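J.: My questions concern the predicted model and sequence given below.
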Amino acid sequence: MPTKITTQRTRGGRPSFRMWLHTICLGLALLTALEVTGAEPAPRMIEITDDTQTYKGMLVAKSAHECFIVDRFGRQIRLPIANLKSFSVVAESFRPASQSEFRRQLESELGPEYEVATSKHYVVAGTRGHGRSYAALFENIFNQVDAFYTLRGFRTLEPATPLVALILEDQAAFKKYCEGDQMAWSEGLRGYYSLKSNRVVMYNLPDLFHAVRLIPEVDLQSPGENDIAAASPSDDVRCPEGSSLARLQQVGSASVVSGETAATIIHETTHQVGFNIGIHSRIGGTPCWVLEGMATVLESPGMRTHRGSSGQPDQFNAERLEWFRKNYSARRQPGDLAKLIASDDMFRQQTLDAYSAAWGMTWFLTENPARARLFSKYLKTIGEHDPLQPYTATERLKDFQSIFGDIARMEVDYVRAMDRL
């Protein structure tokens with residue numbers, strides 16, 4: 001029988017003793033649901049009601065004061081426990097929306113100017129005549145990123161829900177979407193991944209068609225799912241300040257420094273895939289150097305396609321390597337690596353230096369099989385932290401050195417490797 005707990009307020013709107021007691025019960029019930037989630041192959045489907053609406057999805061984290069759920073369409077929602085009116089378990093396993101439901105949602109949201117196409121993992125909306133190519137593009141990137149992690153000893157999972165990508169008609173449509181999505185728009189912004197909506201959003205540019213043609217088609221799903229038919233507030237991937245909640249409230253985009261449109265697609269999709277196959281937590285906790293290091297490493301085609309031996313030119317991010325050599329090297333100081341590991345401040349104070357250093361360190365850790373296995377162990381250690389609590393500089397350094405050893409020695413080895421490229 002489904003578990004159900006409700007709360008109520010006094011006539012004047014103030015919390016009653018009964019409400020206080022039921023809030024405690026709600027917290028305990030949510031904790032139980034989360035514990036069950038960790039013990040079973042699939043999380044439970046729950047239904048939560050607050051003062052404004054009802055949410056149905058799976059519980060992914062909770063504290064004494066708030067909880068996070070992912071709904072059937074992959075949206076992540078933060079709910080203060082004090083505002084909850086009822087909680088119930090409605091099914092023993094989470095059931096995401098089907099691709100057909102995602103399709104209908106996007107058709108209704110975007111209108112007949114867009115078509116929606118699907119692949120194994122994606123539901124993609126784009127301008128008419130290009131839906132299948134876009135779906136093939138995103139599916140191919142997904143497969144390459146997943147294979148990159150798997151070949152290096154990372155344990156990956158299937159996404160809990162279909163993944164969504166939007167290719168809007170032009171920059172004006174993109175700007176309008178950003179405004180509705182509470183995303184800080186700028187002329188240089190080409191795309192972003194939203195932690196809250198779990199969508200990649202960008203707009204159509206001439207070189208985007210070139211990027212689509214460069215990547216071979218993948219096997220899409222059955223004809224019924226393949227048919228192309230006419231065809232929401234969010235937060236993006238940025239570095240956290242203190243608690244993980246701060247990450248969800250920040251605005252900006254990594255793709256501002258990504259360069260060509262093809263690199264933007266790969267960069268933002270790498271974020272999306274990593275957050276959906278168990279590499280990173282959407283709630284927070286992953287240091288910014290890891291997030292951006294992985295995304296910039298995977299911009300390089302040789303790192304995604306596994307061709308040839310280590311150290312080939314197509315395995316380097318030329319833009320980041322050039323900045324490292326011509327700009328960052330001249331002002332790099334001993335101890336910079338410890339600063340990059342311990343804090344995200346460098347991304348705010350020396351943005352391009354930070355991206356280049358994050359790329360260099362991540363490339364150094366992933367191009368060598370032995371170091372890649374340690375890196376996998378390091379990410380597992382990060383994942384064991386409570387994502388609702390701050391990840392302090394002391395903890396970050398301790399975790400890094402517990403896996404890789406003395407950070408000063410690691411810095412010497414990593415800088416020497418960069419000098420040899």
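T.: Noted; the coordinates are in hand.
J.: residues of the longest strand seen in the chain that come out buried?
T.: The single longest strand within the chain, with elements called by DSSP state E, is strand 54-62. If you call a residue buried by 16 or more other C-beta atoms under 10 Å, then strand 54-62 has these buried ones: Tyr55, Lys56, Gly57, Met58, Leu59, Val60, Ala61, Lys62. Where you see a C-beta, it was placed from the backbone N, CA and C, and this is true even at glycine.
J.: Just put those in TSV and tack on pLDDT and distance to Gln350.
T.: TSV is the format used below for those (pLDDT from 0 to 100; distance: C-beta to C-beta, whole Å):
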residue	pLDDT	distance to Gln350
Tyr55	94	40
Lys56	94	44
Gly57	95	39
Met58	95	39
Leu59	94	39
Val60	92	33
Ala61	90	32
Lys62	89	36
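J.: what helices or strands is the longest strand of the chain leaning on?
T.: On a contact count with 3 or more C-beta pairs under 8 Å, 6 or more residues apart in numbering; DSSP states H and E, strand 54-62 meets helix 17-39, strand 45-49, strand 66-71, strand 76-80.
J.: now the strands for the stretch 101-250 of the chain?
T.: 114-118, 122-127, 163-168, 191-193, 199-203, 229-230 (DSSP state E, counting those that start in this stretch).
J.: Run me through the strand neighbours of the second one, direction for each.
T.: To tie it back to what came earlier, the one meant is strand 122-127. Using DSSP bridges, strand 122-127 pairs in its sheet with strand 114-118 (antiparallel), strand 163-168 (parallel).
J.: Return the distance of the longest one from the chain's centre.
T.: It stands for strand 163-168. Averaging C-alpha positions (C-alpha atoms, centre = their mean, to the nearest Å) puts strand 163-168 14 Å from its chain's average.
J.: Which of the residues in it are classified as buried?
T.: By neighbour count on 16+ other C-beta under 10 Å, the buried set for strand 163-168 is Leu163, Val164, Ala165, Leu166, Ile167, Leu168.
J.: Okay, and Ile265 sits in which element?
T.: Per DSSP states H and E: Ile265 is located in helix 261-276.
J.: residues touching the spatially most central residue of the chain, list them.
T.: The residue lying closest to the centre of the chain (C-alpha atoms, centre = their mean) is Phe275, at 3.6 Å. Each residue near Phe275 by C-beta atoms under 8 Å, 6 or more residues apart in numbering is listed here: Tyr193, Leu195, Asn198, Ser281, Arg282.
J.: And the first one, what's its pLDDT?
T.: Put plainly, it is Tyr193. In this model, Tyr193 is scored at 94, pLDDT.
J.: before we move on, the earlier item: partner strands of the longest strand of the chain, parallel or antiparallel?
T.: strand 45-49 (antiparallel), strand 66-71 (antiparallel).
J.: circling back: can you redo the strands of the stretch 101-250 of the chain as CSV with distance to Val145?
T.: Listed next are the strands of the stretch 101-250 of the chain as CSV, based on distance: least, C-beta to C-beta, whole Å:
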stretch, distance to Val145
strand 114-118, 19
strand 122-127, 13
strand 163-168, 12
strand 191-193, 13
strand 199-203, 12
strand 229-230, 28
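J.: Check those strands for me and report the most buried one.
T.: Among the strands of the stretch 101-250 of the chain, ranked by average contacts under mean count of other C-beta atoms under 10 Å, first place goes to strand 191-193 (a mean of 29).
J.: For that strand, name the packing helices and strands.
T.: Applying 3+ C-beta pairs under 8 Å, 6+ apart, we find strand 191-193 packed against strand 199-203, helix 261-276.
J.: In PDB, list the C-alpha atoms belonging to stretch 363-374.
T.: The C-alpha coordinates for stretch 363-374 follow below in PDB (Å, rounded to 0.1, in the frame of the first residue of the first chain):
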ATOM      1  CA  TRP A 363      44.600  15.400 -20.000                       C
ATOM      2  CA  PHE A 364      47.600  14.300 -17.900                       C
ATOM      3  CA  LEU A 365      45.400  12.200 -15.700                       C
ATOM      4  CA  THR A 366      43.300  10.500 -18.400                       C
ATOM      5  CA  GLU A 367      45.800   9.800 -21.200                       C
ATOM      6  CA  ASN A 368      47.800   7.300 -19.100                       C
ATOM      7  CA  PRO A 369      45.900   4.100 -18.100                       C
ATOM      8  CA  ALA A 370      47.400   3.900 -14.600                       C
ATOM      9  CA  ARG A 371      46.600   7.500 -13.800                       C
ATOM     10  CA  ALA A 372      43.100   7.100 -15.400                       C
ATOM     11  CA  ARG A 373      42.300   4.300 -12.900                       C
ATOM     12  CA  LEU A 374      43.400   6.600 -10.000                       C
END
